[in-house]
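Student: for reference, the sequence and a predicted model appear below.
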Amino acid sequence: MMHKTDRRSFLSASAALSFAASTPPAPAAPAPSQESRVAADLERYIGFGSKQAGGRGDIACGKWLLSELARLGFAIERQSLSVPYFEAQRSELVCGEARAAVWPQPIVRQTRAEGITGRLVRVDSEGRAFAALEGAIALVELPFGRWSTALAKPVITPVRAAFAAGAVAVVAITSGPTGKVIALNADGRKPMFAGPVALIAPEDARGFLDAAHTGANATLFMTGTGGQRPTFNFIGRIDRGKPQWLAVSTPRSGWYGCAGERGPGVAAWLWLARWASAAIKDYNLAFVCNSGHEYENLGALESLKALAPKPEVTKLWLHLGANVAAQDWHDGTGQPLPSVDPQRYLSVSRSLLPLARTTFAGLVGLEAPYASDVLSAGELSEVIAAGYGTVAGVFGTHRFHHVSGDDARCVTTANVVETAAAFQRFLTQTT
């Protein structure tokens, strides 16, 4: 619709424009501080919920991170990836009046709808069965630990031994610092075990251990839908035409919300991308973000084949893995502390050890770096195996690692800022 303007309105508008022209422009809004950006990044990451590879949270998170790098001028390349998944319909262990939820261990071998029934037989943390396992459901007590993967010898050995002795199913008690079930990483290409395997929280296991002493029968139910579903890795590149690349990687996926496990690494990765895109001029930049981590680094293995710069043209590869800066806790009260969980490990090439000791002095856990040929883990190990000669990486297991309670309580902005700033100083010295 056209609006008619009379002379008085026109003159009033002209006066207003004249006044505006003579008035200094309002100052631009200040750029967000590093602290506020980290706080916003952590909140955004945590807000996506479950990060299981190929799920809604993982996909949404990947799209967000991709858009953040594109906004900084990185050229983006996506890599499609197929990963296992399982959505449980019923997952519980029942023995008489006792029943408890269980976590189906991937790649899941389901039970029939009516479950699988057998005598409960206790298997201790040394792998010793307290009765014959033929036709039984083995109740395996894992030793106390901050568990991460079913490939760990204390997990895989007694479970496979139970099936070899005739067990029809295994329920493993994941003894750890929270008393909750601890999800375990798994081979992403094929099932690891001969039959159904479930994980149960120590706090839920006592009644079943008692039942095993009497040889009571129990029924394990593990039904649902599963198979393969798509997700993606991506790389952001700034190619300055230089002969060498700086690579920085982080995974984004995991079993639960992963606030402390992945949040600090993702926030530090974004911090370094924002800084490096403006500050590092003598190297090309490659920022890699992988899915499928919980399937024994499945995404990282694929991105190393197809996305990453070649080892011979890579100056340094920095990997930001689990527990970059998660909170420590008091065992007695179950309350988070202001300080960082010390179970974080810094692994660097031997030539970088003196610099790492200086740069990370005073940062709990990181202050005592290891040579990468002595200690590495997770995706950093895949980077080293792929032939990258100069590397650095952080990894670890905080109190709620792979536990459903890994939420916003497990991370603070201040600790992530301190850690990200230290890695910025480290890269400044190495590039």
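Tutor: Noted; the coordinates are in hand. The shown structure was predicted, so the numbers you read here are calculated from the model rather than taken from an experiment. Numbering: from 1, shown residues only.

Student: all contacts plus neighbour counts: C-alpha atoms, from now on.
Tutor: OK.

Student: does Ala100 sit in a helix, a strand or a coil?
Tutor: Three-state call for Ala100 (DSSP: H, G, I helix; E, B strand; the rest coil): strand.

Student: now do the contacts for it.
Tutor: Going by CA atoms under 8 Å, 6 or more residues apart in numbering, Ala100 touches Glu92, Leu93, Val94, Ile200, Asp204.

Student: which parts of the stretch 101-250 of the chain are strands?
Tutor: Using DSSP state E, counting those that start in this stretch, the strands found in the stretch 101-250 of the chain span residues 103-104, 116-123, 137-141, 169-173, 197-200, 217-238, 245-251.

Student: whoops, the stretch 301-431 of the chain was the one
Tutor: 314-320, 327-329, 336-340, 344-348, 370-371, 391-396.

Student: which strands and helices lie in contact with the fifth one?
Tutor: Using 3 or more CA pairs under 8 Å, 6 or more residues apart in numbering; DSSP states H and E as the contact criterion, the neighbours of strand 370-371 among helices and strands are strand 344-348.

Student: same question, the first one
Tutor: Contacts defined by 3+ CA pairs under 8 Å, 6+ apart place strand 314-320 against strand 245-251, helix 263-279, helix 378-385, strand 391-396.

Student: let's go with 7 Å and repeat that
Tutor: Judged by 3 or more CA pairs under 7 Å, 6 or more residues apart in numbering; DSSP states H and E, strand 314-320 is in contact with strand 245-251, strand 391-396.

Student: run through who's touching stretch 292-305.
Tutor: With contact meaning CA atoms under 7 Å, 6 or more residues apart in numbering, stretch 292-305 is reached by 53, 83, 185-188, 233, 251, 253-255, 290-291, 378-379, 382.

Student: check those and tell me the two furthest apart.
Tutor: Pairwise distances across the contacts of stretch 292-305 (CA to CA) peak at 20.3 Å, for the pair Trp255 and Glu382.

Student: ok, back up a step: Ala165 is nearest to which of the strands of the stretch 301-431 of the chain?
Tutor: Proximity to Ala165, assessed across the strands of the stretch 301-431 of the chain by CA to CA, is greatest for strand 391-396 (34.3 Å).

Student: the closest one pairs with which strands, parallel or anti?
Tutor: According to DSSP bridges, strand 391-396 forms sheet pairs with strand 314-320 (parallel), strand 344-348 (antiparallel).

Student: follow-up on the earlier one: could the strands of the stretch 301-431 of the chain be laid out in CSV, adding mean pLDDT and distance to Arg274?
Tutor: What follows is the strands of the stretch 301-431 of the chain, written out as CSV (pLDDT from 0 to 100; distance: least, CA to CA, whole Å):
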stretch, mean pLDDT, distance to Arg274
strand 314-320, 98, 15
strand 327-329, 98, 25
strand 336-340, 97, 24
strand 344-348, 98, 23
strand 370-371, 98, 28
strand 391-396, 98, 19
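
Student: can I get those strands in a markdown table with distance to Phe193 and mean neighbour count?
Tutor: Listed next are the strands of the stretch 301-431 of the chain as a markdown table, based on distance: least, CA to CA, whole Å; neighbours: other CA atoms under 10 Å:
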| stretch | distance to Phe193 | mean neighbour count |
| --- | --- | --- |
| strand 314-320 | 31 | 23 |
| strand 327-329 | 34 | 21 |
| strand 336-340 | 36 | 18 |
| strand 344-348 | 30 | 26 |
| strand 370-371 | 34 | 19 |
| strand 391-396 | 26 | 26 |
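
Student: can I get those strands in TSV including distance to Arg146?
Tutor: Shown next, in TSV, are the strands of the stretch 301-431 of the chain (distance: least, CA to CA, whole Å):
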stretch	distance to Arg146
strand 314-320	19
strand 327-329	13
strand 336-340	16
strand 344-348	12
strand 370-371	20
strand 391-396	10
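
Student: re earlier: give me the subset of the contacts of Ala100 that lies in helices.
Tutor: Asp204 (DSSP state H).

Student: closest one to Thr333 out of the contacts of Ala100, please.
Tutor: Nearest to Thr333, judged by CA to CA, of the contacts of Ala100 is Asp204 at 20.4 Å.

Student: let me know the pLDDT of the residue lying closest to the closest one once chain neighbours are set aside.
Tutor: Nearest residue to Asp204, sequence neighbours excluded (CA to CA, 6 or more residues apart in numbering): Ala100, at 6.3 Å. You'll see Ala100 listed with a pLDDT of 98.

Student: got it, and Ala201?
Tutor: 98.

Student: can you report how many residues neighbour it?
Tutor: Residues near Ala201, counting by other CA atoms under 10 Å, number 22.

Student: got a list of what it touches?
Tutor: Neighbours of Ala201 in contact, by CA under 7 Å, 6+ apart: Ile173, Thr174, Gly179, Lys180, Val181.
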